[in-house]
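Engineer: Quick one: sequence and predicted model below, then my questions.
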Amino acid sequence: MTEFVLIDEAVGETRACWFDEDGQPLELIIERISERSTRVLAGSAHIGRIARVDNSLNAAFVELPIGEAGFLPFGKKGRPADVHEGAKLPVMVSREALPGKGPNLRLCAEEQLGAGPLSVLDRMNLPAEIEVFDVDRSGREKIDHAIDQALAKRVCIIGGGDICIEPTRALVAIDVDTGVSPITGGRFNYKAAQSAFRQLRLRSLGGIIVIDFAPMASKNERNALFASVTSLAKKDPARVDVLPLSRFGTLEMLRRKNTRSPSDIMLGANGKKTIETIALEALRSLENEAQASAGAKLELQAGASVFEWLDQDHIGWQAEMANRIGSRFYLFLNESSGRLQWEVVVK
């Protein structure tokens, strides 16, 4: 099997996932229709207004037509003469906004104004020649499983043991547990490091990352592990700076975050799926059932919160769904269901 990308242009949401030669997910990009009016995306160009120049940062903060103010670094050449507070200039988004941080910007030519954002594929670190497939139902399930993996706290390691990934406000903590694995020490830690780097990339996690490895018996094991981690860091498409292992067996590194994590998009502050996430899952299920039951009438039965979100239809899902499967579906408020529950019923 060779590497490939699956792209799912579902109603209300586009998802793309890159899989390696073993069929394991490497990168995920999720883009929602609902956010097009609330945030600027990478690659889009706008007229921005300089709100504040910060000489200590050698940069300016720029008000944009929508969303948070952007950050415009001046670079080694310093502030251009036409950049001053109140000035309006064309800027392009070089990195979308992240939680707690506005988008990064760069100056661009006026001819670039109106440029659309980068596609989900262009925002991935894809090699030049890689096959891209539109999903069928099976492909959609593969992406679902990749997202479940990216949202899970615990990741099992083949042969036994696991790693536990816990993002906090200050850092990302990764705990390594050998469990019932027949291998321990440096050999197990190497497998754990491979899993950790794969998950950091899949989840688009960044900032300070601390890995608490399993105990190792010798200095040679510790040195070999550090060399392996350094090699893994060089292969990561994001910039990663690694510090030596501490005497407690922990490793600290700094990984640059360039895109939002699936958890940033799909989960609320309580760590649970948002109503929008659940509603979009229901819409994918509705479309899947329509493909499996040609010509049948379908009823999307939803609990109160999901029904309210869908009934408002602020993303225009009903028109798009009718365009795809025809006008043979109905939205029904199921008062006996939990507020976040839903079910597609074939009539």
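Structural biologist: The structure has been received and is ready for your questions.
Engineer: Which single strand of this structure contains the most residues?
Structural biologist: Longest strand in the chain by number of residues (criterion: DSSP state E): strand 45-54.
Engineer: wait, doesn't F307 sit right on Y330?
Structural biologist: No - if you go by Cβ atoms under 8 Å, F307 and Y330 don't touch, sitting 11.7 Å apart. For every residue, glycine as well, the C-beta is placed using N, CA and C.
Engineer: quick one, which of these two is more surrounded?
Structural biologist: Between F307 and Y330, counted using other Cβ atoms under 10 Å, the more crowded position is F307 (22 against 12).
Engineer: Skipping adjacent residues, who's closest to the more buried one in space?
Structural biologist: Distances taken as Cβ to Cβ, 6 or more residues apart in numbering place L333 nearest to F307, at 4.6 Å, with adjacent residues excluded.
Engineer: How about N189?
Structural biologist: Closest residue to N189 in three dimensions, ignoring its sequence neighbours and counting by Cβ to Cβ, 6+ apart: F213, at 4.6 Å.
Engineer: which residues touch that neighbour?
Structural biologist: Neighbouring residues of F213 by Cβ atoms under 8 Å, 6 or more residues apart in numbering: V176, N189, A192, A193, L225, L245, G249, T250, L251.
Engineer: Now do the same for it: its pLDDT.
Structural biologist: Here the pLDDT value assigned to F213 is 96.
Engineer: try N125
Structural biologist: pLDDT for N125: 84.
Engineer: same question, L286
Structural biologist: Among the per-residue scores, L286 holds a pLDDT of 98.
Engineer: mind checking which helix or strand it is in?
Structural biologist: Secondary structure from DSSP states H and E places L286 in helix 275-292.
Engineer: what ranges of the stretch 201-347 of the chain fall below the confidence cut-off?
Structural biologist: Residues of the stretch 201-347 of the chain meeting the criterion pLDDT under 70: none.
Engineer: Let me see the ranges of the strands in it.
Structural biologist: For the stretch 201-347 of the chain, the strands defined by DSSP state E, counting those that start in this stretch cover 207-212, 240-242, 250-255, 298-302, 329-333, 342-346.
Engineer: Report the angle between the third one and strand 207-212.
Structural biologist: Okay, so that is strand 250-255. Angle of strand 250-255 versus strand 207-212, following axes from the mean of the first three to the mean of the last three Cα atoms, to 10 degrees, is 160 degrees.
Engineer: Begin at 24, not 1, for the rest of this chat.
Structural biologist: Right, with 24 as the first residue, what we last looked at is strand 273-278.
Engineer: Mind listing what's buried along strand 273-278?
Structural biologist: T273, L274, M276, R278 (16 or more other Cβ atoms under 10 Å).
Engineer: Report all helices and strands that that strand contacts.
Structural biologist: Counting contacts by 3 or more Cβ pairs under 8 Å, 6 or more residues apart in numbering; DSSP states H and E, strand 273-278 is packed against strand 230-235, helix 242-258, strand 263-265.
Engineer: And the ones you listed: which comes nearest A302?
Structural biologist: Closest of the helices and strands packed on strand 273-278 to A302 is strand 230-235, at 30.3 Å (criterion: Cβ to Cβ).
Engineer: who's in contact with that closest one?
Structural biologist: Contacts of strand 230-235 (Cβ under 8 Å, 6+ apart): 193-199, 215-216, 219, 223, 272-278, 280.
Engineer: again with stretch 121-136
Structural biologist: Residues outside stretch 121-136 that contact it (Cβ under 8 Å, 6+ apart) are 62-63, 65, 68-71, 84-85, 87, 90-96, 103, 106, 112-120, 280, 283, 287.
Engineer: before we move on, what about stretch 322-333?
Structural biologist: For stretch 322-333, the surrounding residues in contact (Cβ under 8 Å, 6+ apart) are 298-299, 301-302, 305-306, 309, 340, 352-358, 360-368, 370.
Engineer: residues touching the nearest residue to V76 once chain neighbours are set aside, list them.
Structural biologist: Spatial nearest neighbour of V76, chain neighbours left out: A83 (4.8 Å); criterion: Cβ to Cβ, 6+ apart. A83 makes contact with I73, A74, R75, V76, D77, F94, L95, F97, R102, V106, according to Cβ under 8 Å, 6+ apart.
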